[in-house]
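Enquirer: can't give you the sequence, but here's the structure:
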């Protein structure tokens, strides 16, 4: 038996692995559940359809989740975390997107105004247009459960 065949198999497997990673990659997103002193949740209104959602962004190349979260909060809502945010878990809404969700309770408003329309809402009275999965995530986070717990 030839000794180069196992090596060829490894080479072919690595080539296909790289091909699949390039053509069928997974995006990493971050979502923030910012809670104020009155236990209200920060929501952002999307300009395209007018729907309210938790602030979210795609993690950029070279960023980790927490760095992306801090950029998101600064750019979208004009706030900054005062302490380390709490990573509560991951969820998927499509096969090619993984979203890490953080809870931020200690924060301060920056001098720069938010760039999007934002508002704080009580978990029991979320505005119209919040999707059912987002409302369920908010409920779980406020109750102290992880995303995967029912």
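Expert: Received, thanks. All values reported here derive from a predicted model rather than from experimental measurement.

Enquirer: helix/strand/coil for the most centrally placed residue in the chain?
Expert: Closest residue to the average C-alpha location of the chain: residue 30 at 2.1 Å, with C-alpha atoms, centre = their mean. Put simply, residue 30 is strand when judged by DSSP: H, G, I helix; E, B strand; the rest coil.

Enquirer: so that it lines up with my notes, have the first residue be 144 from now on.
Expert: All set: I'll call the first residue 144, so the last point we hit is now residue 173.

Enquirer: wait, it sits on residue 203?
Expert: No: using C-beta atoms under 8 Å, residue 173 makes no contact with residue 203, being 10.2 Å away. Heads up, the C-betas are built off the backbone N, CA and C, glycines and all.

Enquirer: now do the shared contacts for the two.
Expert: Common contacts of residue 173 and residue 203 (C-beta atoms under 8 Å, 6 or more residues apart in numbering): residue 211.

Enquirer: ok, back up a step: quick check: bridge partners of the residue nearest to the centre of the chain?
Expert: Taking DSSP bridges as the rule, residue 173 bridges to residue 200, residue 243.

Enquirer: and whichever strand or helix holds residue 158, what's its mean pLDDT?
Expert: For residue 158, the host element (DSSP states H and E) is helix 147-166. Averaging pLDDT along helix 147-166 gives 68.

Enquirer: ok, now stretch 176-188?
Expert: For stretch 176-188, mean pLDDT is 94.

Enquirer: again with stretch 269-284
Expert: 89.

Enquirer: and for stretch 226-234?
Expert: Rounded to a whole number, the mean pLDDT of stretch 226-234 is 92.

Enquirer: report the buried residues of that stretch.
Expert: For stretch 226-234, a neighbour-count test (16 or more other C-beta atoms under 10 Å) marks 228, 231-234 as buried.

Enquirer: what comes into contact with it?
Expert: The contact list for stretch 226-234 (C-beta under 8 Å, 6+ apart) reads 175-176, 208-209, 212, 241-249, 276, 280, 284, 289-291.

Enquirer: which ones among those map onto helices?
Expert: Within those, residues falling in helices by DSSP state H are 208-209, 212, 276, 280, 284.

Enquirer: just those residues now: which is nearest residue 198?
Expert: The closest of the ones in helices among the contacts of stretch 226-234 to residue 198 turns out to be residue 212 (C-beta to C-beta; 9.0 Å).
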